[in-house]
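Asks: okay, sequence plus prediction incoming.
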Amino acid sequence: MRRHLHGHSVDTLAEKGWSQKGNGELLDLAERDGYDVLVTTDQSLPH
């Protein structure tokens, strides 16, 4: 996906060191780090 989002910063959970974090903690970390968009295939993540 990164190659299709020219001009945008794209990070993965592995790159951030967040691979083992739970859904709630991931949302908190992403918000705290200033992310505007979170893309996931996790169907158990609440809307």
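Replies: Yep, that arrived.
Asks: give me the neighbour count for L29.
Replies: 16 (other CB atoms under 10 Å). Just so you know, the C-beta spots here come from the backbone N, C-alpha and C atoms, and that holds for glycine as well.
Asks: was I right to think it contacts K21?
Replies: Yes: contact between L29 and K21 holds when scored by CB atoms under 8 Å: they sit 6.6 Å apart.
Asks: the lengthiest helix in the chain: which residues count as buried?
Replies: The longest helix of the chain (DSSP state H) is helix 23-32. By 16 or more other CB atoms under 10 Å, the buried positions in helix 23-32 come out as 26, 29-30.
Asks: check the offset of the helix or strand of the chain with the lowest mean pLDDT from the chain's centre.
Replies: Lowest mean confidence among the helices and strands of the chain (mean pLDDT, DSSP states H and E): helix 23-32, at a mean of 93. Between the centre of helix 23-32 and the centre of its chain there are 8 Å (CA atoms, centre = their mean, to the nearest Å).
Asks: roughly how far does D33 sit from G17?
Replies: Remark: distance between D33 and G17 (CB to CB, to the nearest Å) = 12 Å.
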